[in-house]
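Participant: just coords:
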């Protein structure tokens with residue numbers, strides 16, 4: 001994993017929806033859509049219903065979620081989604 005990427009894990013009800021290295025992610029937080037980049041300050045946030053996306057060197061992958069939680073420390077992003 002390079003310094004310009006972070007590892008993302010997206011879990012939903014006992015299954016892994018996504019596991020991989022990304023350049024950025026976009027999440028539907030309670031206060032609006034937020035972007036997460038590598039080296040982001042530590043953050044834990046509630047998620048609302050909407051589209052989340054992970055952006056890789058080869059493109060974008062989106063997921064519809066019905067809420068959940070996300071945590072990042074700048075190197076890793078973990079999303080627990082409904």
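Facilitator: Nice, thanks for sending it over. Just so it is clear, the model here is predicted, and its values are computed rather than measured.
Participant: Helix or strand: which one has the spatially most central residue of the chain?
Facilitator: The chain has residue 25 as the residue nearest its centroid, 5.0 Å off, counting by CA atoms, centre = their mean. Assigning secondary structure by DSSP states H and E places residue 25 in strand 24-29.
Participant: same deal with residue 45?
Facilitator: Assigned by DSSP H and E, residue 45 falls in strand 43-56.
Participant: how about that strand: buried residues?
Facilitator: 45, 47-48, 52-55 (16 or more other CB atoms under 10 Å). Bear in mind the C-beta positions are built from the backbone N, C-alpha and C, glycine included.
Participant: In contact with the residue nearest to the centre of the chain, which residues?
Facilitator: Taking CB atoms under 8 Å, 6 or more residues apart in numbering, we find residue 25 in contact with 6, 8, 35-36, 52-55, 77.
Participant: Bridged to it, which residues?
Facilitator: Judged by DSSP bridges, the bridge partners of residue 25 are residue 36, residue 54.
Participant: Checking the nearest residue to residue 39 once chain neighbours are set aside next. Helix, strand or coil?
Facilitator: Counting by CB to CB, 6 or more residues apart in numbering, residue 39 lies nearest to residue 74, which is 4.6 Å off, once chain neighbours are set aside. Secondary structure for residue 74, judged by DSSP: H, G, I helix; E, B strand; the rest coil, is coil.
Participant: Pull up the gap between residue 74 and residue 55, please.
Facilitator: Noted for residue 74: a distance of 16 Å to residue 55, by CB to CB, to the nearest Å.
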